[in-house]
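In: just the structure for this:
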Amino acid sequence: MSDELDITDIPAVKPAHAAAVFAPFGEPVTPDEVRQRLSNNLYIQLSENSEEVATAAISRAAIYVGAILRRLNIPYNLDDTIVREVVLINTVYELHIALGHEEAGREYRLKARDIILAAWGEYPDTDNAAPEKAPAAAVVRPKKKRGF
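Out: Numbering: from 1, shown residues only. The predicted structure is shown next:
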């Protein structure tokens, strides 16, 4: 006799949100598309003149954008002009950040956020995910008596 429970008769239901696959549809973004977005010199600097570096940045951007789209329940379709634009912008962000260009990178991230806000009306910001807490108590200072 086994100590394990038989689970063959327990029904399993897959949550609806799990049906959304975290893989984009459509034609993948290429290093050549990223190259076309930038001046030749900037592309060479950011990608270290390597398609592998650009491809890695595209992968990081695709994961980030996929997470945002999943939270917004938006289909991850790279043939959609807005989705593709957001991935491209985030790819340039990833290239900047990899070289330590935080300020330039931040501008691209903000641009992508603005496009997401304009297209879908919200942006899942993890910094603001938790509701603000009200103060637990107030401190009252006694008034000082004058002259004493």
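
In: and Ala134, what's its pLDDT?
Out: On pLDDT, Ala134 comes in at 52.

In: the residue sitting nearest the centre point of the chain: which element?
Out: Nearest to the geometric centre of the chain sits Tyr64, at 3.6 Å (Cα atoms, centre = their mean). According to DSSP states H and E, Tyr64 maps onto helix 51-72.

In: how many other residues sit next to Glu102?
Out: Around Glu102 there are 10 other residues, counting by other Cβ atoms under 10 Å. Any C-beta I mention is one placed from the backbone N, CA and C, and that applies to glycine too.

In: no wait, Pro31
Out: Count around Pro31 with other Cβ under 10 Å applied: 19.

In: need phi/psi at it.
Out: In terms of degrees, to the nearest 10, the main-chain angles of Pro31 are phi -60, psi -30.

In: tell me the pLDDT at it?
Out: 97.

In: one more: Asn41?
Out: pLDDT for Asn41: 96.

In: confirm that it sits in a strand.
Out: No. Counting by DSSP: H, G, I helix; E, B strand; the rest coil, Asn41 is not part of a strand but helix.

In: residues contacting it?
Out: Not one residue lies near Asn41 by Cβ atoms under 8 Å, 6 or more residues apart in numbering.

In: where does this protein dip in pLDDT?
Out: For the chain, residues meeting the criterion pLDDT under 70 lie at 1-3, 5, 7, 11-22, 126-141, 145-148.

In: check which helix or strand Glu107 maps to.
Out: Using DSSP H and E, the element containing Glu107 is helix 102-120.

In: elements contacting that helix?
Out: Applying 3 or more Cβ pairs under 8 Å, 6 or more residues apart in numbering; DSSP states H and E, we find helix 102-120 packed against helix 51-72, helix 81-98.

In: most tightly surrounded among these?
Out: Among the helices and strands packed on helix 102-120, helix 81-98 has the highest mean neighbour count (mean count of other Cβ atoms under 10 Å), at a mean of 22.
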